[in-house]
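S.K.: can you look at this prediction? I've put the sequence above it.
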Amino acid sequence: MTLNHLKTLGIDIGGTNIDLGLVAAGQLLEKKSFEVDNFKDRQELLDQLITTIGSFDLKGVRGIGLGVPGIIDPDKGFIHDLQNLPMWYKLPLAEILNKEFSLPVKLNNDAGCYALGHAHYGQGRLYKNFVALTLGTGLGLGIIINGTLYSGMMAGAGEIGMLPYEAGIVEDYAASAFFVRHYGQSAKALYDQARQNSEMAVEAFNHYGLHLGNAIKIVMSMYAPEAIIIGGSIAKAYPFFWQSMKKAISNFEYTQQLDNTVVVAAQHQDMGVMGAAALIAP
């Protein structure tokens, strides 16, 4: 049987972009993306998603898997709450897409899908128990236990970004809002400046790394994973924050656990899309 008869459509819904891709036999065959910020209306964004899905050749596609950044009902494919995409509050997304395309549709948390992608296709294949941190508009955490995605009730497991921390919550300091609040610029703008040896931008990522390291210590205390894989848009700046991140982690109380925990930047792109596709079939 050819790859064309084994395709799955994976969709990674982010607070900034929506990425879509056809996946078969562990390969990303085709990818398309569009920016969420261009749409302020609930129906307009939904229409764009449907249009983009329809632009793929769906012949032979087994189903559609979606990674969603919020609280959902995976069994019903219903979105309850998206903190970074509030226009899709209370949205029966699976039902809508199933009626539109007559294909099975499954939803799960976007960070969970990112971890699932690594479990099947990326660095996670080396470990039975690991987590994946996604650094971007929000802070996501996907959890793999004994090779299986753990989602929890309403796919809400791993929402460490909501935990109280300093003057707010962890996400305030370990996601994109940190850079805007403290440095008045986006993480991307500061990353571009850091690559040009801007002292201010380099210091911004040093500062960020300390907070991220503290978040990682929370993850280590809660899950004791074999590995922590760091991805997402901000992870592109990993060379600029890894030293301060490691410094913050170095005083973790349980030194034997620390010595045996691998913390790495993701090497593979598009794991969110591929993990979403794996909801249908790996």
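M.R.: Here it is on my side, so go on.
S.K.: could you pull out the helices for the stretch 1-150 of the chain?
M.R.: Secondary structure of the stretch 1-150 of the chain (DSSP state H, counting those that start in this stretch): helices located at 42-54, 93-101, 110-121.
S.K.: what's stretch 206-223 in contact with?
M.R.: Stretch 206-223 is contacted from outside by 129, 131, 133, 135, 139, 141, 143, 160, 163, 165, 170, 173-174, 178-179, 182, 225, 228, 234, 240-249, 252, 254, 257-258, 261, 263, using C-beta atoms under 8 Å, 6 or more residues apart in numbering. For glycine as for every other residue, the C-beta is placed from the backbone atoms N, C-alpha and C.
S.K.: actually stretch 154-162, sorry about that
M.R.: If you take C-beta under 8 Å, 6+ apart as the criterion, stretch 154-162 is touched by 68, 71-74, 80, 107-109, 111-112, 131, 138-143, 150-152, 169-171, 174-175, 215, 218-219, 222.
S.K.: now do the same end-to-end measure for it.
M.R.: The straight-line separation of the ends of stretch 154-162 (C-alpha to C-alpha, to the nearest Å) is 16 Å.
S.K.: that one - what's its average pLDDT?
M.R.: What stretch 154-162 shows for mean pLDDT is 93.
S.K.: numbering from 16 from now on, please.
M.R.: Okay, residue one is now 16; in that scheme the one you just asked about reads as stretch 169-177.
S.K.: spell out which residues make up each domain of the chain.
M.R.: 18-125+286-293, 138-280 (automatic domain parsing).
S.K.: how far is the shortest one from where the chain is centred?
M.R.: What separates the centre of domain 18-125+286-293 from the centre of its chain is 13 Å, taken as C-alpha atoms, centre = their mean, to the nearest Å.
S.K.: one more: the longest one?
M.R.: When distances are taken as C-alpha atoms, centre = their mean, domain 138-280 is centred 12 Å away from the chain's centroid.
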